[in-house]
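Trainee: Predicted structure and sequence below. I'll ask about it afterward.
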Amino acid sequence: MAQFVPRQTFPHYGAIPRSYFLGHHRAGLTKMKNMLSTIDYVVECRDSRAPVTSINPMFEEALGNKRRLIVYTKRDLSGTPQSPAQKLAEKKIRSFDRNSPTFFVSSSSRADVTQIVKHLRNDAEAPDKLVGCRVMVVGMPNVGKSTLINHLRNYGVGKAKALKTGGQPGITRKIGTPVKIIERESGSHVYVLDTPGVFMPYVPDAENMLKLALCGCVKDAVISPVTLVDYLLYKINLHDAQAYQRWSEPTNEVMPLLEKFAHYTGLLGKGGVPNIDGAALHFIQKWRHGDVGRFMLDDLEEEQRRRDDPLKVEQMSMTQALRAERVSRKNRDE
Ligand SMILES: Nc1nc2c(ncn2[C@@H]2O[C@H](COP(=O)(O)OP(=O)(O)OP(=O)(O)O)[C@@H](O)[C@H]2O)c(=O)[nH]1
């Protein structure tokens, strides 16, 4: 049998929407900026599966130079936990931002979360503040902010879950009330505030939009699930084309894969016709649960090359991004 050759490029970036900047994202960001003077520390969450793409430049601009730490969430889904490859990738990611303490966290790992509690206990000071130290947790939608806060609270002060979490973006719509995660003898306890996930006004690169949608930062209805699985298949094949062998031999064709997957999983409509959209959504869920390979969507070497090229590192400012979003909305409406 001929050897399987995965696609080296993805051909279908054409009509992918590039924005998902909702009213509560804009309002949330404005509120965060206005509250900044009452905040001592910022925890910025990013997704380990898209460690570069899930950086929201809006936070850089909005939150200025507040003392900050970076948490890469969903570590369990970005590679084989504790494998040499994952350790190497994490080292590389750390090297991208040497100014902020950086943590990689799987919510199910007590050791991962406890490291952050320890760090905050020592680092998050609030000298002379009667209200204690206030830490604001920010990040893209669905990146795992509320889950992290629940675990910080559980491991920090032994209390049960305080915040609602869920598999779709937008569960948290407003800045929450402070949740105590660390008690200090001085009385200056550490409190964290949950914030609504904020997407960026405009994503210049369509591939990045696909990555963010796969990670769940965008509601599943925004981009066709078949396009998402097609892109995911392209990525899976580059990583390990055996990852879906339960349902199909290696393939670059999304439709036959989804048809087989629909038959195996019983996602059939009238007359036994495969429910392709349903199968696509289910396939994406399987990947989000780590059942079709665990790997990063971002290419860290490519990011290193980009960072080494001063012409490419320029980021869109908030104003430029908002303008691009308006133009793209106008073009869509016409
Ligand atoms: N596998 C895995 N899943 C996680 C992890 N952290 C969070 N999740 C899941 O990710 C989903 C989103 O988590 P949330 O904590 O609700 O995310 P959020 O950032 O608060 O979302 P918004 O309300 O949109 O701001 C949930 O289904 C969590 O169970 C993790 O470390 N590993």
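Mentor: Good, I have the coordinates.

Trainee: where does the stretch 151-300 of the chain come near the ligand, residue by residue?
Mentor: Counting by CB under 6 Å from any ligand atom, the stretch 151-300 of the chain comes close to the ligand at T165, G166, G167, P169, G170, I171, T172, P196, G197. Quick note: C-beta positions are derived from backbone N, CA and C, even for glycine.

Trainee: quick one: contacts for the residue nearest the centre of the chain?
Mentor: Nearest residue to the geometric centre of the chain (CA atoms, centre = their mean): D47, 3.4 Å. Counting by CB atoms under 8 Å, 6 or more residues apart in numbering, D47 makes contact with S54, Y72, T73, K74, M140, V143, G144, C215, C217.

Trainee: one more time with 7 Å
Mentor: S54, T73, K74, M140, V143, C215 (CB atoms under 7 Å, 6 or more residues apart in numbering).

Trainee: picking that back up, can you flag the buried ones in the residues of the stretch 151-300 of the chain next to the ligand?
Mentor: Neighbour counting by 16 or more other CB atoms under 10 Å classes T165, P169, G170, I171, T172, P196, G197 among these as buried.

Trainee: Surely I70 is within a strand?
Mentor: Yes. I70: assigned to a strand according to DSSP: H, G, I helix; E, B strand; the rest coil.

Trainee: Spatially, what comes nearest to the residue nearest to the centre of the chain if we skip its sequence neighbours?
Mentor: Nearest non-adjacent residue to D47, counting by CB to CB, 6 or more residues apart in numbering: S54, 4.1 Å away.

Trainee: about what we covered before: could you pick out which of the contacts of D47 are located in strands?
Mentor: T73 (DSSP state E).

Trainee: among the contacts of D47, which two are most distant?
Mentor: The most widely separated members of the contacts of D47, counting by CB to CB, are K74 and M140 (11.7 Å).

Trainee: the more surrounded of the two?
Mentor: A direct count of neighbours by other CB atoms under 10 Å for K74 and M140 places M140 higher, at 31 against 26.

Trainee: got a pLDDT number for the more buried one?
Mentor: Confidence at M140, expressed as pLDDT, is 97.

Trainee: do A62 as well
Mentor: A62 carries a pLDDT value of 85.

Trainee: same thing with V254?
Mentor: On pLDDT, V254 comes in at 97.

Trainee: how close does it get to D47?
Mentor: In this view, V254 and D47 are 23 Å apart by CB to CB, to the nearest Å.

Trainee: do P17 as well
Mentor: 19 Å.

Trainee: try G278
Mentor: 25 Å.

Trainee: How about residues contacting stretch 210-219?
Mentor: Contacts of stretch 210-219 (CB under 7 Å, 6+ apart): 16, 20, 47, 49-50, 53-54, 140-143, 167-169, 199, 203, 222-223, 228, 231-232, 284, 288, 297.
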